[in-house]
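Peer 1: sequence-free structure coming up:
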């Protein structure tokens, strides 16, 4: 509780998810991938082989390949046709229900990539602009949200005990996420012929 946040915390949070996302943006993807490989070598081999979370195997002797195509990273709302999700029992270990693949990619968000880039040339292989499916993704929205909440947390630290401050942070995150969910649900209920919105087995919205 008193230690400074490290990339190990990000790895633990990532692995705590039931289905870690196929595409993961963060500020230190190189360190994240290396930490995961050192702590869980078999798992990292399973989800990205020798690519260290990149689109291809990074090397100091070569430059990253541009215009790489990875169709599995296309969001479901932009795919032609509906996506039928499998039953949970049909999935292999680390297989994602949307992509039906174990492959994972960890990329650098553009804010930190430009303002505080890493020295190692291997970090260039985590650039989202290298892939035609990800070069248009916005990566700074979450950073803006986190920055806003962080300023409130810092102001509260000076006037609260440790236990109260932890509870305050929990409530802030909870109600912030609840606001997002309520907004999404309200937008769906405005659609024609939608009477109710429920959650499916993968916590996705189901329209009735």
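Peer 2: Received it, and whenever you're ready, just let me know what you need. Please read all numbers here as calculations on a predicted model, not as lab measurements.
Peer 1: which regions of this protein lie under the pLDDT threshold?
Peer 2: Filtered on pLDDT under 70, the chain yields the residue ranges 1-3, 113, 139-160.
Peer 1: where do the helices sit along it?
Peer 2: 7-16, 29-39, 41-48, 110-115, 141-157, 162-189 (DSSP state H).
Peer 1: Mind checking those for the one nearest to residue 100?
Peer 2: Proximity to residue 100 (Cβ to Cβ) singles out helix 41-48 among these, at 13.9 Å. No exception for glycine: its C-beta is placed from N, CA and C like everyone else's.
Peer 1: Would you mark the buried spots in the closest one?
Peer 2: 43-44, 46-48 (16 or more other Cβ atoms under 10 Å).
Peer 1: Tell me how far that helix lies from the chain's centre.
Peer 2: Its chain's C-alpha centre and that of helix 41-48 lie 17 Å apart, by Cα atoms, centre = their mean, to the nearest Å.
Peer 1: Name the residues that touch that helix?
Peer 2: 15, 20, 33, 36-37, 54, 93-94, 102-105 (Cβ atoms under 8 Å, 6 or more residues apart in numbering).
Peer 1: May I ask which of those residues has the most neighbours?
Peer 2: Using other Cβ atoms under 10 Å as the neighbour criterion, residue 33 leads the contacts of helix 41-48 with 27 neighbours.
Peer 1: so who does the closest residue in space to that residue that isn't next to it in sequence touch?
Peer 2: Distances taken as Cβ to Cβ, 6 or more residues apart in numbering put residue 53 closest to residue 33, at 3.9 Å, once the chain neighbours are dropped. Residues in contact with residue 53 (Cβ under 8 Å, 6+ apart) are 24, 29, 32-33, 36, 104-107, 126.
Peer 1: switch the cut-off to 6 Å
Peer 2: Counting by Cβ atoms under 6 Å, 6 or more residues apart in numbering, residue 53 touches 29, 33, 106.
Peer 1: cool, residue 37 as well?
Peer 2: Per Cβ under 6 Å, 6+ apart, neighbours of residue 37: residue 44.
Peer 1: What separation is there between it and residue 166?
Peer 2: Going from residue 37 to residue 166 by Cβ to Cβ, to the nearest Å gives 31 Å.
Peer 1: cool, and residue 51?
Peer 2: Distance from residue 51 to residue 166, by Cβ to Cβ: 37 Å.
Peer 1: Same check on residue 88?
Peer 2: For residue 88 relative to residue 166 (Cβ to Cβ), the value is 33 Å.
Peer 1: and what of residue 17?
Peer 2: 22 Å.
Peer 1: what's the answer for residue 98, then?
Peer 2: Residue 98 is 34 Å from residue 166, by Cβ to Cβ.
Peer 1: How about residue 208?
Peer 2: From residue 208 to residue 166 the distance is 39 Å (Cβ to Cβ).
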